[in-house]
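Peer 1: Mind folding the following:
(chains A and B)
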Amino acid sequence: NAGVTQTPKFQVLKTGQSMTLQCAQDMNHNSMYWYRQDPGMGLRLIYYSASEGTTDKGEVPNGYNVSRLNKREFSLRLESAAPSQTSVYFCASTTDRGRAGELFFGEGSRLTVL
Amino acid sequence: QKEVEQNSGPLSVPEGAIASLNCTYSDRGSQSFFWYRQYSGKSPELIMSIYSNGDKEDGRFTAQLNKASQYVSLLIRDSQPSDSATYLCAVNNWAGGGNKLTFGTGTQLKVEL
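Peer 2: Alright, predicted model coming up:
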């Protein structure tokens, strides 16, 4: 099983450029999440999607948009990248049947904004 | 006040010793609690979940939960160098629109030979 797959794994952008991080899971999970991880800040929730067709803001949503394309895919878009968005981004998914919170993470996408 | 607090460490223990990692949380309505392990440059992986007060054991790992004190801990017995990693405490809350998992900043554990 592939689990949670994120692309790209590495990306360098210039300030003002846009890009989309892709995430797909093959575990038939309803809930999907995007986190960012910065040194000393831990994992912070950007957006989450409890089910296909729904999305909600997390702790740090400014500067990001998301799309829950279908049950498998949840993308994160940076419309106009800023150096403050340099980070490692993790996509995760979980079942919402009794074991919610037991997240499966992708390998991460390391983004640098110059 | 952060919602989930951990000592950042590093916590250094000798091989074979017991490592004790602690976490406090602020939301009394929190329902479930998790410990994730993250090796440097890798993604977090779940090692323990605990849903009710008391202890839960899984191999060398024991999670302890005290909801009255809003406290979660992880004990690692017979610590091995391969246990050297950052351990993230996470707390789950139902947010109406779905489950939201809040992470602490993590405790770095170093197991020394």
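Peer 1: Tell me the helix or strand right after the helix or strand of chain B with the lowest mean pLDDT.
Peer 2: Using mean pLDDT, DSSP states H and E, the weakest-scoring helix or strand in chain B turns out to be strand B:99-103, at a mean of 83. Toward the C-terminal end, the helix or strand that comes next after strand B:99-103 (DSSP states H and E) is strand B:107-112.
Peer 1: Please state the backbone phi and psi of the residue of chain A found nearest chain B?
Peer 2: Among the residues of chain A, residue A:50 lies nearest to chain B; the distance is 2.9 Å by CB to the nearest CB. All C-beta spots, glycine's among them, are computed from the backbone N, C-alpha and C. Note on residue A:50: its backbone torsions stand at phi -80, psi -20 [degrees, to the nearest 10].
Peer 1: so it makes contact with residue A:30?
Peer 2: Yes - at 6.7 Å, residue A:50 counts as touching residue A:30 under the criterion of CB atoms under 8 Å.
Peer 1: Between those two, point out the one with more neighbours.
Peer 2: The residue with more neighbours, out of residue A:50 and residue A:30 and counting by other CB atoms under 10 Å in any protein chain shown, is residue A:50; that gives 21 against 18.
Peer 1: before we move on, the earlier item: residues making contact with the least confident helix or strand of chain B?
Peer 2: With CB atoms under 8 Å, 6 or more residues apart in numbering or on different chains as the contact definition, strand B:99-103 has outside contacts at A:31, A:33, A:35, A:42-45, A:48, A:50, A:58-59, A:94, A:96, A:100-101, A:103, B:3-4, B:25, B:34, B:36, B:88-94.
Peer 1: Tell me which of the residues you listed fall in helices.
Peer 2: Secondary-structure check on the contacts of strand B:99-103 using DSSP state H: no residue lies within helices.
Peer 1: In strands only, show me those residues.
Peer 2: Cross-referencing the contacts of strand B:99-103 with the strands (criterion: DSSP state E) gives A:31, A:33, A:35, A:42-45, A:48, A:94, B:4, B:25, B:34, B:36, B:88-94 as the overlap.
Peer 1: pLDDT weak spots in the chain?
Peer 2: Just going to use chain A. Counting by pLDDT under 70, the low-confidence segments of chain A come to A:1, A:96-100.
Peer 1: that's the wrong chain, I meant chain B
Peer 2: B:1-2, B:95-98.
Peer 1: Contact residues of chain B facing chain A?
Peer 2: Within chain B, the positions near chain A by CB under 8 Å from any CB of the partner chain are B:8, B:32, B:34, B:36, B:42-46, B:49, B:88, B:90, B:92, B:95, B:97-106.
Peer 1: List only buried entries from these.
Peer 2: When burial is judged by neighbour count using 16 or more other CB atoms under 10 Å in any protein chain shown, the buried members of the residues of chain B next to chain A are B:32, B:34, B:36, B:43-44, B:46, B:49, B:88, B:90, B:92, B:98-106.
Peer 1: about what we covered before: of the contacts of strand B:99-103, which qualify as buried by neighbour count?
Peer 2: Members of the contacts of strand B:99-103 classed as buried by 16+ other CB under 10 Å are A:31, A:33, A:35, A:42-45, A:48, A:50, A:58, A:94, A:100-101, A:103, B:4, B:25, B:34, B:36, B:88-93.
Peer 1: Please list the residues of chain A that sit near chain B.
Peer 2: So far as CB under 8 Å from any CB goes, chain A lies against chain B at A:31, A:33, A:35, A:40-45, A:48-51, A:54, A:56, A:58-59, A:90, A:94, A:96, A:99-108.
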